[in-house]
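> here is the input, now give the coordinates:
(chains A and B)
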2 protein chains.
Amino acid sequence: MSETGLAVKTNHPTIDFDLESYLHARSAAVDRALDGYLKRYAERSGTIWQAMHYGLFPGGKRIRPILLLAAGEIFGGARKALLPFACAVEMIHGYSLIHDDLPALDNDDLRRGAPTNHKVYGEGIALLAGDGLLTEAFHVMSGPEVLKLVPAQLVLQLVHELSHAVGVAGLVGGQAFDLEAERREVDIGVVEYIHVRKTGALIRASLRLGAQVAGAKPAELRRISRFGECLGLAFQIADDILDILGETAPGESAESGHSEWNKATFPSVIGIAAAQQRLAALRDQCLRELQPFGASAEPLRAISRQVAARALTMNGQLPNKEMQS
Amino acid sequence: MSETGLAVKTNHPTIDFDLESYLHARSAAVDRALDGYLKRYAERSGTIWQAMHYGLFPGGKRIRPILLLAAGEIFGGARKALLPFACAVEMIHGYSLIHDDLPALDNDDLRRGAPTNHKVYGEGIALLAGDGLLTEAFHVMSGPEVLKLVPAQLVLQLVHELSHAVGVAGLVGGQAFDLEAERREVDIGVVEYIHVRKTGALIRASLRLGAQVAGAKPAELRRISRFGECLGLAFQIADDILDILGETAPGESAESGHSEWNKATFPSVIGIAAAQQRLAALRDQCLRELQPFGASAEPLRAISRQVAARALTMNGQLPNKEMQS
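A predicted model of the protein is given here:
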């Protein structure tokens, strides 16, 4: 079974799912919607607007909004209702990257091969561009056009959930804990604690938002949540393995001035082989959680495989054959 | 008529309104509510939590949440329904101060006589504490306890309005424009453009949120909006005059390494006397907008007078007698 080729085969032999085409189409839809939101501002000729735009374009793989759309599609969600939330999670991701790159945190000069926001616009404007994107995420979710498609009470619940996932109990808390962990010895429990918050919370929330907009039932939502927890951790472990082995992970940057071995990551704490073992197990658990959803979950299945594939195949130390679930 | 004493008399001779007691009681209620929100986090022993707490306590005059409560009280709003929104605007104010003080922007070492957040916790944690407070503001507004008291559709509308007021079209955009203005000559139009966004938008939004939670009718809301625009500008002009004359304005800090004359302010562009003239006119317009609300608007009237009073009396260059409206 190919895990790197264009056509990723699945457990459902009747489906020949083309992941690359799927990702490309969803990514293009997200790009168009993001561009539309940013264009609403009359101040669009100003530097701050340019810096916000630069923080979103050209984008990475748009993995979070695509996960949101893919989760929504399982339950028959309409693209138009899902897109504002997809844009919100991508804006939040964009803000977190801009702030993360600042000298106050990672002090990175490059992201995805291009100068970071503060290298282009200066630290002050970059700081504000991040603030602007975070704020805009909540503006987009609460807009009147959303209210025409999604009940107000549900939208509010999603605002509440997303702000929890990316606040002090989630993304922001994880980044703070990570920053402090750089100064001391960490065990694998601390590493997982950081990852669950810093990367996992927004990935899980993206999937849950999509499912909820599309009307997933409570038991279905719990399954999507568990899938999101596994995928989020798999995503981070894969990223860290590829960082150390010198490759850039899908959708993320490995452009860092730090030695990756000094950071709180799975491979630096438990070694590459054990990290790969954990990654394979997480991928298999992802696939198990998706099983009841049948063919409609094929995009999420293919994404789970792709996230793991490159970090597992590079060294060939581990059996790459996925568990038949 | 005393404008600095404890008992501020009014146009309504039957009322002897004690502004200091009013401010003290509202400020204490806001403090209790803010503390309660922050305490909800299990991570409260962590540094990020401490930095967020330090960003809110000890507070300044809590002028924005008090304006929100005072506007809500005009229309009979319940304290319990207003407080979450009051806390949200104060969290946003707190975040903006932390980020504003960072080396990337104003590079201030002191605020309200104490070391700034990044001086205590380092730049990385301070950056994240600001991010955390901004995020928490939206978390607080969208909570289930709010939904018991305010209709979901209205809450969403307020999330939308507040995120607009403090985003790229408001606070964030104003700060960015201000940052760029430091490098070039500015005229009074540019100064007003910056103030309307950087300070005015959140003050206006605070008042509008309070009025809307309390069920103000459209015409009443328009009046509150106009009041907020005048008060916001008056607030900034008073602050700038006091900065230059070497005093700290109420609720704001004048602890800055910059020469105030180099900043884009009313007194530095049109001179102190003309700035005082504009301030007096704005105060009078504030009082006119409040007239139809009778005694229930007494707190906002007294606040309008107090904001202007110190910046007008210092030099004694201008007649301080307010227009009889």
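
> check the offset of stretch A:198-212 from the chain's centre.
With Cα atoms, centre = their mean, to the nearest Å as the basis, stretch A:198-212 stands 8 Å off its chain's centre.

> that stretch - what's its average pLDDT?
For stretch A:198-212, the mean per-residue pLDDT is 97.

> report whether that stretch contacts chain B.
No: for stretch A:198-212, no contact with chain B is found by Cβ under 8 Å from any Cβ of the partner chain; the gap never falls below 11.0 Å. (C-beta placed from N, C-alpha, C; glycine too.)

> mind exporting that stretch as CSV, just the C-alpha atoms?
What follows is stretch A:198-212, C-alpha atoms only, in CSV (Å, rounded to 0.1, in the frame of the first residue of the first chain):
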residue,chain,number,x,y,z
LYS,A,198,0.4,23.8,21.8
THR,A,199,-0.5,21.8,18.7
GLY,A,200,-3.2,19.3,19.7
ALA,A,201,-5.8,21.7,21.1
LEU,A,202,-6.3,23.7,17.9
ILE,A,203,-6.3,20.5,15.7
ARG,A,204,-8.9,18.8,17.9
ALA,A,205,-11.0,22.0,18.0
SER,A,206,-10.8,22.4,14.2
LEU,A,207,-12.3,18.9,13.8
ARG,A,208,-14.9,19.4,16.5
LEU,A,209,-16.0,22.7,15.1
GLY,A,210,-16.5,21.2,11.7
ALA,A,211,-18.4,18.2,13.1
GLN,A,212,-20.7,20.5,15.3
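
> and that stretch, what's buried?
Neighbour-count burial for stretch A:198-212 flags A:198-212 (criterion: 16 or more other Cβ atoms under 10 Å in any protein chain shown).

> with stretch A:286-304 instead?
By neighbour count with 16+ other Cβ under 10 Å, stretch A:286-304 contains the buried residues A:286-287, A:289-290, A:293, A:297-304.

> let's have these in JSON lines, adding pLDDT and distance to A:Gly55.
What follows is those, written out as JSON lines (pLDDT from 0 to 100; distance: Cβ to Cβ, whole Å):
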{"residue": "A:Cys286", "pLDDT": "98", "distance to A:Gly55": "29"}
{"residue": "A:Leu287", "pLDDT": "98", "distance to A:Gly55": "34"}
{"residue": "A:Glu289", "pLDDT": "98", "distance to A:Gly55": "32"}
{"residue": "A:Leu290", "pLDDT": "98", "distance to A:Gly55": "32"}
{"residue": "A:Phe293", "pLDDT": "97", "distance to A:Gly55": "34"}
{"residue": "A:Ala297", "pLDDT": "98", "distance to A:Gly55": "31"}
{"residue": "A:Glu298", "pLDDT": "97", "distance to A:Gly55": "32"}
{"residue": "A:Pro299", "pLDDT": "98", "distance to A:Gly55": "26"}
{"residue": "A:Leu300", "pLDDT": "98", "distance to A:Gly55": "27"}
{"residue": "A:Arg301", "pLDDT": "98", "distance to A:Gly55": "31"}
{"residue": "A:Ala302", "pLDDT": "97", "distance to A:Gly55": "28"}
{"residue": "A:Ile303", "pLDDT": "97", "distance to A:Gly55": "24"}
{"residue": "A:Ser304", "pLDDT": "97", "distance to A:Gly55": "28"}
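
> B:Val168: which of those is nearest?
For these, the residue nearest B:Val168 by Cβ to Cβ is A:Ile303; the value is 31.9 Å.

> what packs against the host helix or strand of that closest one?
Following DSSP states H and E, one finds A:Ile303 within helix A:298-313. Secondary-structure packing of helix A:298-313 (3 or more Cβ pairs under 8 Å, 6 or more residues apart in numbering or on different chains; DSSP states H and E): strand A:7-9, strand A:16-18, helix A:19-38, helix A:63-74, helix A:218-245, helix A:272-290.

> quick one: low-confidence ranges for the stretch 151-300 of chain A?
Applying pLDDT under 70 to the stretch 151-300 of chain A picks out residues A:247-262.

> flag every residue of it that's near chain B.
Taking Cβ under 8 Å from any Cβ, the part of the stretch 151-300 of chain A that reaches chain B is made up of A:151-153, A:155-157, A:159-160, A:163-164, A:166-169, A:172-173, A:175-177, A:179-180.

> go with 7 Å
A:152-153, A:155-156, A:159-160, A:163-164, A:166-169, A:172-173, A:175-177, A:179-180 (Cβ under 7 Å from any Cβ of the partner chain).

> buried members of these into PyMOL, please.
To isolate the buried ones among these in PyMOL, judged by 16+ other Cβ under 10 Å, type:
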select buried, chain A and resi 152+155+156+159+160+163+164+166+167+168+169+172+173+175+176+177+179+180
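
> residues contacting the most centrally placed residue in chain A?
The residue lying closest to the centre of chain A (Cα atoms, centre = their mean) is A:Arg64, at 3.8 Å. A:Arg64 sits next to A:Val89, A:Glu90, A:His93, A:Leu202, A:Ile203, A:Ser206 when contact means Cβ atoms under 7 Å, 6 or more residues apart in numbering or on different chains.

> farthest-apart pair in these, please.
Most distant of those, by Cβ to Cβ, are A:Glu90 and A:Ile203, 12.1 Å apart.

> touching, A:Arg301 and A:Leu290? I think so.
Yes: counting by Cβ atoms under 7 Å, A:Arg301 does reach A:Leu290; the two are 5.4 Å apart.

> state the mean pLDDT of the strand or helix carrying A:Ala88.
For A:Ala88, the enclosing helix or strand under DSSP H and E is helix A:79-101. When pLDDT is averaged along helix A:79-101, the result is 98.

> cool, stretch A:129-148 as well?
On average, stretch A:129-148 scores 97.

> what residues of that stretch count as buried?
Residues of stretch A:129-148 classed as buried: A:129-143, A:146-147 (neighbour count, 16+ other Cβ under 10 Å).

> among the residues you listed, which are within reach of chain B?
A:Asp131, A:Gly132, A:Leu134, A:Thr135, A:Glu136, A:Phe138, A:His139, A:Ser142, A:Gly143, A:Leu147.

> ok, the fifth one touching B:Val166?
The reference is to A:Glu136. No: between A:Glu136 and B:Val166 there is no contact under Cβ under 7 Å: 10.3 Å.

> quick check, nearest of the buried residues of stretch A:198-212 to A:Tyr54?
A:Leu202 (20.7 Å).

> separation between that closest one and A:Ile188?
Going from A:Leu202 to A:Ile188 by Cβ to Cβ, to the nearest Å gives 22 Å.

> quick check, stretch A:33-51 touching chain B?
Yes: with Cβ under 7 Å from any Cβ as the measure, stretch A:33-51 is seen reaching chain B through A:Tyr41, A:Glu43, A:Gly46, A:Thr47, A:Ile48, A:Trp49.

> what's the first-to-last distance across that stretch?
End-to-end distance of stretch A:33-51 (Cα to Cα, to the nearest Å): 18 Å.

> mind listing what's buried along it?
Neighbour-count burial for stretch A:33-51, counted by 16+ other Cβ under 10 Å, picks out A:Ala33, A:Leu34, A:Tyr37, A:Leu38, A:Tyr41, A:Gly46, A:Thr47, A:Ile48, A:Trp49, A:Gln50, A:Ala51.

> so for that stretch, mean pLDDT?
The average pLDDT for stretch A:33-51 rounds to 85.

> tell me if A:Pro58 really is in a helix.
No: A:Pro58 is assigned coil when assessed by DSSP: H, G, I helix; E, B strand; the rest coil, not a helix.

> leaving aside the residues next to it on the chain, what's closest to it?
Distance criterion Cβ to Cβ, 6 or more residues apart in numbering or on different chains; nearest residue to A:Pro58, sequence neighbours excluded, is A:Arg112 at 7.6 Å.
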